[in-house]
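Visitor: have a look; sequence and predicted model below, questions after that.
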Amino acid sequence: MEQRNIAFIGGGNMARSLVSGLIHAGYPAACIRVTDLDQDKLDALQQEFGVQTFLDNFAAADGADVLVLAVKPQYMAEALDELTERLGTYGERLVISIAAGISVTRLSALLGGHRRIVRCMPNTPALIGLGMTGLFADPSVPVADCGFAESMLQSVGKTVWVGTESGINSVIAASGSAPAYFFLFMEAMAAEAQRMGFSAEQARLLVQQTALGAAQMVVDNPQLELATLRAQVTSKGGTTAEAIRSFEEQGLANMVSTAMQAAVTRAEEMETLF
Ligand SMILES: NC(=O)C1=CN([C@@H]2O[C@H](COP(=O)(O)OP(=O)(O)OC[C@H]3O[C@@H](n4cnc5c(N)ncnc54)[C@H](OP(=O)(O)O)[C@@H]3O)[C@@H](O)[C@H]2O)C=CC1
Ligand SMILES: O=C(O)[C@@H]1CCC=N1
């Protein structure tokens, strides 16, 4: 992967995931800077990954080729107002935003009219190299910049480009927020397994190994429909059929659809707030 000096603005959960992935993919720590308001967080990142850390966003951005905006959406305007004032211009820098609910138009305004912006929507499994990221860029963004953003995110998992910016909100619903859906489902299963008499450790093992096995079967069998994999577990007149019937009677598909739409609606609302 091409090496550019990257400055992460915000050193929280997602920045940590991306830094970890980059370092494990062999990206030089000397080319990575991270800023945060919290010195303890920075010290931990410095010790674990050997990256350069800064309390001052300007000090990190000055001299960086790529800025990764990784603060929470509600703090983005505050962070960028100050940075833009001090930098004056972003020049040739590529700005990669991972924030939900902040459009390219809004970012560009916060960046003093800068246009070299790629929006990305990763997810937390990036921390272990199994991330899924959606990317969007205006056609005016140079191909080399899009390629750099794609390579950066591919160092922590898989990527997909979306052709319209609203596609980023669909990515939020389908993968950005989605690790939490699976955790919620696993929490519910583990809780019921405990009620059935398993210890907390046993319940977690039963659920996590099953989730891992099911996901790996999906990955290993791209030629099989998800419904076919499900059918292979579902013996006629057996136990699985009863569990599936119960899910379907309670409207699982509708519940999932409504939840994913709620994530999109919130992303759209955030676009009007921040
Ligand atoms: N978490 C996730 O699964 C995903 C998150 N995202 C996006 O990633 C972004 C970051 O999310 P996440 O990592 O979860 O959030 P975190 O709160 O964990 O990280 C943001 C960090 O930025 C720091 N910060 C706040 N203001 C500033 C500032 N002015 N300058 C420098 N650092 C600052 C915060 O410090 P402090 O805590 O001290 O305030 C915090 O450590 C969000 O925009 C979110 O939409 C995208 C995909 C998935
Ligand atoms: O919950 C959020 O807003 C962020 C964006 C996707 C995952 N976490």
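Guide: That came in fine, so what should we check first? Ligands and ions are numbered 1, 2, ... in the order given.
Visitor: please enumerate the helices of the stretch 1-150 of the chain.
Guide: When assigned using DSSP state H, counting those that start in this stretch, the helices of the stretch 1-150 of the chain occupy the ranges 13-24, 39-49, 57-61, 73-87, 104-110, 143-154.
Visitor: which residues touch the longest one?
Guide: Around helix 73-87, the neighbours that count as contacts under Cβ atoms under 8 Å, 6 or more residues apart in numbering are 9-10, 57-58, 61-62, 69, 71, 90, 99-102, 107, 110-112, 270, 273-274. For the C-beta atoms, the positions are set from N, CA and C on the backbone; glycine is no exception.
Visitor: if we go to 7 Å?
Guide: 9, 57-58, 61-62, 69, 71, 99-102, 110-112, 270, 274 (Cβ atoms under 7 Å, 6 or more residues apart in numbering).
Visitor: what is the nearest of those to ligand 2?
Guide: Among the contacts of helix 73-87, residue 100 lies closest to ligand 2 (Cβ to the nearest ligand atom), at 3.8 Å.
Visitor: pretty sure that closest one contacts residue 267?
Guide: Yes - contact criterion Cβ atoms under 7 Å: residue 100 and residue 267 qualify, at 5.6 Å.
Visitor: out of the contacts of helix 73-87, which are close to ligand 2?
Guide: By Cβ under 6 Å from any ligand atom, the members of these lying near ligand 2 are residue 100.
Visitor: among the contacts of helix 73-87, which has the minimum pLDDT value?
Guide: Lowest pLDDT among these: residue 274, with 89.
Visitor: start to end distance for stretch 196-205?
Guide: Stretch 196-205 has an end-to-end distance of 14 Å (Cα to Cα, to the nearest Å).
Visitor: okay, residue 268 and residue 146: tell me how far apart.
Guide: Residue 268 sits 25 Å away from residue 146, going by Cβ to Cβ, to the nearest Å.
Visitor: same check on residue 242?
Guide: 49 Å.
Visitor: these two: which is more packed in?
Guide: Shown here are residue 242 and residue 146; by other Cβ atoms under 10 Å, residue 146 has more neighbours (19 against 10).
Visitor: leaving out sequence neighbours, find the closest residue to the more buried one.
Guide: What sits nearest to residue 146 in space, not counting adjacent residues and going by Cβ to Cβ, 6 or more residues apart in numbering, is residue 137, at 5.1 Å.
Visitor: next one, pLDDT for the one you found please.
Guide: In this model, residue 137 is scored at 98, pLDDT.
Visitor: for residue 25, same thing?
Guide: Per-residue confidence (pLDDT) for residue 25: 88.
Visitor: ok, it - contacts?
Guide: residue 155.
Visitor: how near is residue 263 to residue 136?
Guide: To residue 136, residue 263 is 17 Å away according to Cβ to Cβ.
Visitor: can you list the residues that contact stretch 156-172?
Guide: Contact with stretch 156-172 is made by 17-18, 21, 100, 103-104, 119, 121-122, 125-126, 129-136, 150, 153, 263-264, 267-268, as judged by Cβ under 7 Å, 6+ apart.
Visitor: ok, now with 6 Å
Guide: 18, 21, 100, 119, 121, 126, 129-136, 150, 153, 263-264, 267 (Cβ atoms under 6 Å, 6 or more residues apart in numbering).
Visitor: surely residue 22 meets residue 155?
Guide: Yes - using Cβ atoms under 6 Å, residue 22 is in contact with residue 155, at 5.4 Å.
Visitor: just want to know which of the two has more residues nearby.
Guide: The neighbour comparison of residue 22 against residue 155 (other Cβ under 10 Å) goes to residue 22, with 24 against 19.
Visitor: what does the chain have sitting close to ligand 2?
Guide: Proximity of the chain to ligand 2 (Cβ under 6 Å from any ligand atom) is limited to residues 100, 172, 176, 177.
Visitor: ok and the residue in the stretch 1-150 of the chain nearest ligand 1?
Guide: residue 12 (1.7 Å).
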